[in-house]
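Student: pasting the sequence and the predicted coordinates here, then a few questions.
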Amino acid sequence: MRKIKEPNSKGPGPNLIRAIDQNNIFTLQTAYNTSEALNDRLLLAMEGTGYGLWDWDILNDTAYFSPMFLELIGLDRAEHTGAMAALAEITHPADLQGTIDAIQAHFDKKAPYFHEYRLKTKRGAYRWFLAMGQAVWDTEGKPIRMAGMLSDITDRKQTEEALKDSEINMKQAQELAHLGSWTFDPQTNTLCWSDELYRIFEMEGTSAEDLYAAFRSKIHPEDLPILDAAVSTGKAYQIEYRICCKHDRIKHILSTAIIMLDAKGAILKINGISKDITERKVLENSRLDYQETLELLLFNLSHKIRKPVANIHAIADVIDSDEFQHCGMLKEYLGYLKQSNRELDAYIHELNHLLSEKKRQFIA
């Protein structure tokens, strides 16, 4: 019987080792190539959206900035120093401390790092950027690496500033005009006011939940039906009403509104503006008082002048009788007297005509 050869106890032969090593190398190389491809695709996708990537080795203070990152701030790769400190040099002085504080808060408290700040571009102009990042900590809790993205948000910031300026201008215009805007949702009885309306109605600090009820409580009881009747028509309206303020003061409000209806005619929303016209009403009332006083004065004046004029006229008729025809000087004085009488009578007629005409114009 043939004896079976025992296996070599010294381990696999050199051919088997080479085969295993080559297989491992191939696997590792494939994994590496796959990883590199994924990284390239990720970088391409991210930079295609306009985001620049950065990777900061905190311990060595070296940084990688992607081509899009450098393009956003207008730097060539040859000009890049490879240090994160390079960004501090081009950060707007007013934003530098805030940026440092935001990064430190992320390191210490692991707070999200989303920070807006300005960087000086190669052209010398500052532009707004949004930086987002995430750090990696060692076992002792010390940050060792941080990576993230950067995007240019200058257009958004300019739009925000323009909107802010517009809101400020609108607020100032409303303050100057003593006018405020409002929106009312009758389904929920929700009333939204601009800041100026809170001042006009002297209701600063009133909560949104209590605003509608508080507003109605301010309206003069005699004028509340006027408002309700205007709203019930479902059409645009312009009304005046009074509100009761502190120390028994009354304010006059002019309110103009448009009403939006649904397909069934139900009120969806009411938008409007309200203006404090108290000063105008005071002037109107003062004008009315003045008009009434003037009318009374002119009436009394006319009445008082008429009586002596009538007496002068009667005396003149007596003097003009046959009994006094022989007195020449008296006839001369009589002429003056009659002329004065005619002039006074004409003045009274002119005064009454002027009074009637002014009254007619005022009523019209």
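Tutor: Everything's here; your move. Predicted model only: the values in this text are computed from it and were never measured.

Student: any stretches of the stretch 1-150 of the chain with poor pLDDT?
Tutor: 1-49, 77-81 (pLDDT under 70).

Student: which residues of it fall in helices?
Tutor: Ranges of helices within the stretch 1-150 of the chain are 14-48, 67-72, 85-90, 93-109, based on DSSP state H, counting those that start in this stretch.

Student: cool, the stretch 151-300 of the chain as well?
Tutor: Using DSSP H, counting those that start in this stretch, the helices of the stretch 151-300 of the chain run over 154-177, 195-200, 211-218, 224-232, 278-319.

Student: give me the buried positions along the third one.
Tutor: Of all the residues in helix 211-218, those buried under the rule 16 or more other C-beta atoms under 10 Å are Leu211, Tyr212, Phe215, Lys218. Backbone N, C-alpha and C define where each C-beta goes, glycine included.

Student: for Cys244, give the beta-bridge partners.
Tutor: Ile250 (DSSP bridges).

Student: what about it, neighbour count?
Tutor: Other residues within reach of Cys244, judged by other C-beta atoms under 10 Å, total 14.

Student: repeat for Gln238
Tutor: Residues near Gln238, counting by other C-beta under 10 Å: 11.

Student: does it have beta-bridge partners, and which?
Tutor: Thr256.

Student: enumerate every residue touching Thr183.
Tutor: The contact partners of Thr183, taken as C-beta atoms under 8 Å, 6 or more residues apart in numbering, are Leu191, Cys192, Lys269, Ile270, Asn271, Gly272.

Student: beta partners for the third one?
Tutor: The residues listed as beta-bridge partners of Lys269 by DSSP bridges are Met260.

Student: how far away is it from Ala257?
Tutor: The gap separating Lys269 from Ala257 is 10 Å, by C-beta to C-beta, to the nearest Å.

Student: cool, the fifth one as well?
Tutor: When C-beta to C-beta is applied, the distance between Asn271 and Ala257 equals 7 Å.

Student: which of these two has more neighbours?
Tutor: Ala257 (20 against 15).

Student: the more buried one touches Tyr237, doesn't it?
Tutor: Yes. Between Ala257 and Tyr237 there is a contact at 5.8 Å, judged by C-beta atoms under 8 Å.

Student: what touches both of the two?
Tutor: Residues touching both Ala257 and Tyr237 (C-beta under 8 Å, 6+ apart): Ala230.

Student: pull the number of nearby residues for Leu163.
Tutor: Leu163 has 10 neighbours, counted by other C-beta under 10 Å.

Student: where does it land on pLDDT?
Tutor: Leu163 carries a pLDDT score of 70 in this model.

Student: closest to Thr139 out of the contacts of Thr183?
Tutor: Distance to Thr139 across the contacts of Thr183 (C-beta to C-beta) is lowest for Cys192, with 53.6 Å.

Student: and that closest one, what are its bridge partners?
Tutor: Under the criterion DSSP bridges, Cys192 forms beta bridges with Thr183.

Student: rewinding a little: out of the contacts of Thr183, which end up buried?
Tutor: Counted by 16+ other C-beta under 10 Å, the contacts of Thr183 give Leu191, Ile270, Gly272 as buried.
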